[in-house]
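Participant: coords below, sequence missing:
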């Protein structure tokens, strides 16, 4: 009856437990609130009259970096865009505040 075991290969071993110290937590975009985040960041772009093609590119990159890498990386990207002259300083500040509001430790 060894083939009917639910724990294939680990018959009498204790179940594995989650060890929070194995992986470092970092702040990332809360994916449960991504739709309101998208709405808010697009509202910021339209309020400051950022060019549509540029705004679309910046929004997509900020969302990708914040959801896949980390919030600090997304903030750094926004600051790089400001330094390049793509977006004004006010937009960068509001994007950073928005990222802080929609962040979560993962």
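Facilitator: Sure, I can see it. Computed from a prediction, not measured in an experiment: that's the story for all the values here. Numbering: from 1, shown residues only.
Participant: just say helix, strand or coil for residue 100.
Facilitator: Using DSSP: H, G, I helix; E, B strand; the rest coil, the secondary structure recorded for residue 100 is helix.
Participant: what sits against it?
Facilitator: Taking C-beta atoms under 8 Å, 6 or more residues apart in numbering as the criterion, residue 100 is in contact with residue 71. The C-beta positions use only the backbone N, C-alpha and C, and glycine is treated the same way.
Participant: how about residue 26?
Facilitator: Residue 26 sits next to 70-71, 105-106 when contact means C-beta under 8 Å, 6+ apart.
Participant: where along the chain do the helices fall?
Facilitator: With DSSP state H, the ranges of helices along the chain come out as 34-47, 52-68, 71-83, 89-101.
Participant: wait, which of the contacts of residue 26 is closest to residue 55?
Facilitator: Of all the contacts of residue 26, the one with the least separation from residue 55 (C-beta to C-beta) is residue 71, at 20.0 Å.
Participant: low pLDDT regions in this protein?
Facilitator: In the prediction, the chain carries residues with pLDDT under 70 at positions 1-14, 16, 18-22.
Participant: same thing but 50
Facilitator: The model of the chain has no residue with pLDDT under 50.
Participant: returning to that earlier point: between the helices of the chain, which gets nearest to residue 23?
Facilitator: Nearest of those to residue 23, taken as C-beta to C-beta: helix 52-68 at 15.5 Å.
Participant: follow-up on the earlier one: Throw the helices of the chain into CSV and include distance to residue 15, thanks.
Facilitator: Formatted as CSV, the entries for those read as follows, by distance: least, C-beta to C-beta, whole Å:
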stretch, distance to residue 15
helix 34-47, 33
helix 52-68, 30
helix 71-83, 33
helix 89-101, 37
